[in-house]
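Chemist: Mind folding the following:
(one chain, ligands or ions: 1)
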Amino acid sequence: MATINDNYLKLKAGYLFPEIGRRVNAFAEANPDAKIIRLGIGDVTEPLPEACRTAMIKAVEEMGDRATFKGYGPEQGYAWLREKIAGDDFQARGCNVDASEIFISDGSKCDTGNILDIFGDDNTIAVTDPVYPVYVDTNVMAGHTGAANDKSEFEGLVYLPITAENNFTAQIPAQKVDLIYLCFPNNPTGAVATKEHLKAWVDYAKANGSIIFFDAAYEAYITDPNLPHSIYEIEGARDCAIEFRSFSKTAGFTGTRCAFTVVPKTLTAKASDGSDVELWKLWNRRQSTKFNGVSYIVQRAAEAVYSEAGKAQVKALVSFYLENAKIIREKLSEAGISVYGGVNAPYVWLKTPNNLSSWDFFDKLLQTCNVVGTPGSGFGAAGEGYFRISAFNSRENVEEAMRRITEKFKA
Ligand code: MLT
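Modeler: The predicted model follows:
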């Protein structure tokens, strides 16, 4: 008789965003006239930059001609894209990252989950609380945790609370952990990390032989010139950090799919016999075996992000969503709601009014304003009493959603 991976049974309900979708669909069915505005999942709404579309169309034409047709590409991604990334995203910022250390993929969600393939099962793993649920769920699936308690905290994980008191940046743990997930600008809180904060983590990781998984999917939203975009801006990070980046929230690629992961060749971890093994070699082996690369057409679109026109168009897209975030912050504040984030990030994190639970506020917002957000408790126990509003939507929808909310909640 075939058996299953029992670890999946430890996962409580569905994944957060499909669960929200299910509730919203049920509400929409019962209220067919409601004009629902979705500020829940951080999914982009604005069209792909013209530079990317032009590059894709050209690439499609190349695929239609035997002379320029492409079959399988390199599993790691085409060199011309990896070189642009290394040059523009890292070397231009003084980060010592080589093109060969960049692995093109179809998404950071996949990469942050798949990276566990190359690590042992006995690592002590730290996540912030609240946290992007993928980091937790993929560890549960891999059997790295025990069961969940009634607050949905999994036995065996080290939770680092991020709250208004610590500016939503986790304190360095007193205990030793082996793998640490950090996300800046933060999903869900919209908090950012200073160089000093990241340096403290790098120093900790180096002192303890830990590896930091640094999710920088939202780095393009950093407008403060003093804030680091990459963990490799911190000295020593090449010896302790893997960085994840994505074109989803920068160039609007959520439906197009392209991202990349940086695994420095200087990064090692221990084998069970005590020897040091290069993680780059393992990730390269993993990707070559389980992945056949991102389509040529999409990689050409990603390459266009680095053209002069592409850079200007991406900047305009990011500024557009940041302006949405500003409107959300201002309007919610006017309604007397405490807001965080949303300045160097596309997410606004708010304290629920009248001490409502996160899900009660979700229901109230849906029923009375027909606006969808994401309950903070869906990101972890410490997110209870908080709520996330995404700035990814049209200006019209954001303004209308804020009008409805201020009308309802203004004291
Ligand atoms: C979110 O809403 O947190 C993101 O859209 C999730 C993701 O990027 O996978």
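Chemist: And the helix or strand residue 59 falls within, what does it pack against?
Modeler: Residue 59 belongs to helix 50-63 when assigned by DSSP states H and E. Secondary-structure packing of helix 50-63 (3 or more CB pairs under 8 Å, 6 or more residues apart in numbering; DSSP states H and E): helix 296-304, helix 308-334. All C-beta atoms are positioned from the backbone trio N, CA, C, and that covers glycine.
Chemist: quick one, which of the ones you listed is nearest to the ligand?
Modeler: Of all the helices and strands packed on helix 50-63, helix 308-334 sits nearest to the ligand, with 12.4 Å by CB to the nearest ligand atom.
Chemist: thinking again about what came up before, give the next helix or strand downstream of the helix holding residue 59.
Modeler: Per DSSP H and E, the helix or strand that comes after helix 50-63 is helix 79-85.
Chemist: The very next helix or strand once past that next one packs against which elements?
Modeler: Per DSSP H and E, the first helix or strand lying C-terminal to helix 79-85 is strand 102-105. If contacts are counted by 3+ CB pairs under 8 Å, 6+ apart, strand 102-105 sits against helix 79-85, strand 259-262, helix 279-290.
Chemist: On the strand side of things, show who the residue of the stretch 301-411 of the chain at minimum distance from the ligand bridges to.
Modeler: Nearest residue of the stretch 301-411 of the chain to the ligand (CB to the nearest ligand atom) works out as residue 390 at 6.1 Å. On the basis of DSSP bridges, residue 390 is bridged to residue 347.
Chemist: can you pull the contacts of it?
Modeler: By CB atoms under 8 Å, 6 or more residues apart in numbering, the residues touching residue 390 are 39, 40, 41, 42, 43, 346, 347, 373, 374.
Chemist: Buried ones in stretch 269-279, by neighbour count?
Modeler: 269, 279 (16 or more other CB atoms under 10 Å).
Chemist: Can you give me the end-to-end span of it?
Modeler: This stretch, stretch 269-279, spans 7 Å end to end (CA to CA, to the nearest Å).
Chemist: I'd like the mean pLDDT over that stretch, please.
Modeler: What stretch 269-279 shows for mean pLDDT is 98.
Chemist: interface residues of the stretch 151-300 of the chain facing the ligand?
Modeler: Applying CB under 6 Å from any ligand atom, we find that the stretch 151-300 of the chain lies next to the ligand at residue 187.
Chemist: What segments of the stretch 151-300 of the chain are strands?
Modeler: Assigned by DSSP state E, counting those that start in this stretch, the stretch 151-300 of the chain shows strands spanning 157-161, 179-183, 211-215, 241-246, 259-262, 268-270, 276-278.
Chemist: what lines up beside the first one in the sheet?
Modeler: What that stands for is strand 157-161. Short version: by DSSP bridges, strand 157-161 pairs with strand 125-129 (parallel).
Chemist: Now the element after the strand it pairs with, going C-ward?
Modeler: helix 133-141.
Chemist: That next one vs strand 157-161, what angle?
Modeler: Computed with axes from the mean of the first three to the mean of the last three CA atoms, to 10 degrees, the direction of helix 133-141 lies at 160 degrees from that of strand 157-161.
Chemist: Give me the angle between helix 133-141 and strand 179-183.
Modeler: Relative orientation of helix 133-141 versus strand 179-183 (the same axes, to 10 degrees): 160 degrees.
Chemist: what's the burial count for the closest residue to residue 72 other than its chain neighbours?
Modeler: Nearest residue to residue 72, sequence neighbours excluded (CB to CB, 6 or more residues apart in numbering): residue 292, at 6.0 Å. Neighbours of residue 292 under the rule other CB atoms under 10 Å: 11.
Chemist: measure residue 292 to residue 87 for me?
Modeler: 26 Å (CB to CB, to the nearest Å).
Chemist: Over to residue 233?
Modeler: Applying CB to CB, the value for residue 233 to residue 87 is 16 Å.
Chemist: Then residue 403?
Modeler: Noted for residue 403: a distance of 44 Å to residue 87, by CB to CB.
Chemist: Close to the ligand: what parts of the stretch 1-150 of the chain are there?
Modeler: Near the ligand, when you scan the stretch 1-150 of the chain using CB under 6 Å from any ligand atom, you find 41, 42, 43, 109.
Chemist: so who does the third one touch?
Modeler: What it means is residue 43. 254, 390, 392.
Chemist: Quick check: the residue of the stretch 51-200 of the chain nearest the ligand.
Modeler: The nearest approach of the stretch 51-200 of the chain to the ligand comes at residue 109, 4.4 Å away (CB to the nearest ligand atom).
Chemist: Was I right to think that residue contacts residue 134?
Modeler: Yes: contact status for residue 109 versus residue 134: in contact at 5.4 Å, counting by CB atoms under 8 Å.
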